[in-house]
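Participant: I'd like to go over a predicted model; first the sequence, then the structure.
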Amino acid sequence: MGMKVLRESWPEWKDNTGVRPIRIGQVSVGAGPPIIIAGPCAVESFDQTLEIAEAVRDAGGDMLRGGAFKPRMSPYTFQGLGEKGLEILAKVRDRTGLPIVTEVMDTRYVETVAQYADVLQVGSRNMQNPPLLIEVGKAGKPVLLKRGWAATVEEWLHAAEYVAAQEGNLDIMLCERGIRTFARDEYSRNILDLNVVPALHKRTFLPVIVDPSHGTGDADFVPPLGLAGLAAGADGLIIEVIAEGTERGDVKCDAYQGIRPSVLRKLIADCRQHFGQRKTDAAPV
Ligand code: PEP
Ligand code: MN
């Protein structure tokens with residue numbers, strides 16, 4: 001059977017290079033200028049999330065990110081607030097109007113996360129977890145599918161196919177977040193693989209999002225690599241933010257890659273200048 005996520009499988013997508021837009025509230029991904037998703041790595045408290053969300057909105061961001069369930073390296077570190085974190089995200093969405101993107105790690109929580117989230121994020125560690133992809137595919141929500149850090153483009157497209165295969169949900173964004181290579185030192189947590197942006201656009205009509213935060217692991221590298229992602233043709237960025245007054249040492253998760261709101265503001269202004277102004281009245285999808 002032909003793959004649903006491939007351009008070649010559809011007469012209307014075969015011979016063009018366009019992206020199939022995804023509508024999330026007022027936001028259209030893939031129709032018009034790139035979108036910016038930004039927010040904390042983890043939801044730590046209501047106040048922290050609201051402060052960052054307001055900064056994201058004021059900087060011109062389109063959607064709020066934030067993990068309630070965190071796939072941490074060590075079981076002894078902060079694992080996220082769980083369902084309480086989802087409630088916080090929903091309250092913050094009410095206050096700011098920003099749609100929320102949040103990770104689901106476990107088949108047992110797909111329904112719960114889907115009740116709160118506007119976009120279900122599948123993390124790098126779970127890209128090759130078919131049971132989770134199957135449940136996510138049945139949840140009826142747009143999906144942000146991060147690339148496994150050692151996954152090939154082919155494996156990634158097949159993971160997207162698992163989501164699409166359930167009920168034909170094609171509202172899937174593919175997110176490049178850096179791969180693991182020998183080059184791992186203070187200059188690179190991961191290698192942001194921008195080759196995949198045009199490669200994916202060739203193979204599929206799914207929008208491509210670049211994550212320069214996990215891709216670099218260093219707040220100073222986020223603006224240049226974010227802009228590079230858009231120059232490569234990405235349909236949007238997902239970026240981690242730390243509140244202006246917060247000490248990095250007090251941040252519970254990914255403390256060194258979050259950019260400050262002032263930096264985000266400048267980055268979004270640069271994105272808009274170089275890659276187009278977002279229309280407020282996004283074309284209907
Ligand atoms: C995240 O976005 O917070 C995250 C855990 O990312 P990744 O799955 O890419 O490591
Ligand atoms: Mn993170």
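Facilitator: Sure thing, it's come through. Numbering: from 1, shown residues only. Ligands and ions are numbered 1, 2, ... in the order given.

Participant: Can you get me a residue count around the closest residue to ligand 1 within the stretch 151-285 of the chain?
Facilitator: Ligand 1 sits closest to residue 177 of the stretch 151-285 of the chain, with a gap of 3.7 Å, by Cβ to the nearest ligand atom. Where you see a C-beta, it was placed from the backbone N, CA and C, and this is true even at glycine. Look at residue 177: counted by other Cβ atoms under 10 Å, it has 22 neighbours.

Participant: One more: the one 5 residues further on?
Facilitator: Burial measure for residue 182: 6 neighbouring residues, criterion other Cβ under 10 Å.

Participant: for it, helix, strand, or coil?
Facilitator: Using DSSP: H, G, I helix; E, B strand; the rest coil, the structure places residue 182 in coil.

Participant: separation between it and residue 235?
Facilitator: For residue 182, the distance to residue 235 (Cβ to Cβ, to the nearest Å) stands at 30 Å.

Participant: Tell me the residues of this protein that contact ligand 2?
Facilitator: Within the chain, the positions lying close to ligand 2 (Cβ under 5 Å from the ion) are 41, 254.

Participant: Point me to the residue of the stretch 51-200 of the chain nearest ligand 2.
Facilitator: residue 67 (6.8 Å; Cβ to the ion).

Participant: SS state for residue 131?
Facilitator: What three-state DSSP gives for residue 131 is helix.

Participant: which residue packs closest to it, ignoring adjacent ones?
Facilitator: The shortest distance from residue 131 to any non-neighbouring residue, by Cβ to Cβ, 6 or more residues apart in numbering, is to residue 107 (5.4 Å).

Participant: Run through the protein and note the low-pLDDT ranges.
Facilitator: When residues are selected by pLDDT under 70, those of the chain lie in 1, 278-285.

Participant: which stretches of this protein form helices?
Facilitator: In the chain, the segments counted as helices under DSSP state H are 11-14, 46-59, 83-96, 110-116, 130-137, 153-167, 196-203, 212-216, 222-231, 261-275.

Participant: Can you tell me which of those is packed in deepest?
Facilitator: A comparison of the helices of the chain by mean neighbour count, using mean count of other Cβ atoms under 10 Å, puts helix 212-216 on top with a mean of 27.

Participant: Please name every helix or strand in contact with that one.
Facilitator: helix 222-231, strand 236-240 (3 or more Cβ pairs under 8 Å, 6 or more residues apart in numbering; DSSP states H and E).

Participant: Enumerate every residue touching residue 80.
Facilitator: 42-43, 67-70 (Cβ atoms under 8 Å, 6 or more residues apart in numbering).

Participant: still on that earlier bit, ok, which of the helices of the chain comes nearest residue 22?
Facilitator: With Cβ to Cβ, the closest approach to residue 22 among these belongs to helix 153-167: 12.6 Å.

Participant: Just put the helices and strands packed on helix 212-216 in JSON lines and tack on distance to ligand 1.
Facilitator: Below are the helices and strands packed on helix 212-216 laid out as JSON lines (distance: least, Cβ to the nearest ligand atom, whole Å):
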{"stretch": "helix 222-231", "distance to ligand 1": "13"}
{"stretch": "strand 236-240", "distance to ligand 1": "7"}
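
Participant: Any chance of those in CSV with distance to residue 81 as columns?
Facilitator: Formatted as CSV, the helices and strands packed on helix 212-216 follow (distance: least, Cβ to Cβ, whole Å):
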stretch, distance to residue 81
helix 222-231, 25
strand 236-240, 17
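
Participant: of the ones you listed, which approaches residue 130 most closely?
Facilitator: Closest among those, once you apply Cβ to Cβ, is strand 236-240, at 23.7 Å.

Participant: Give the other helices and strands that that closest one contacts.
Facilitator: Strand 236-240 is packed against strand 35-39, strand 63-65, strand 208-210, helix 212-216, helix 222-231, helix 261-275, with contacts defined by 3+ Cβ pairs under 8 Å, 6+ apart.

Participant: Thanks a lot, see you next time.
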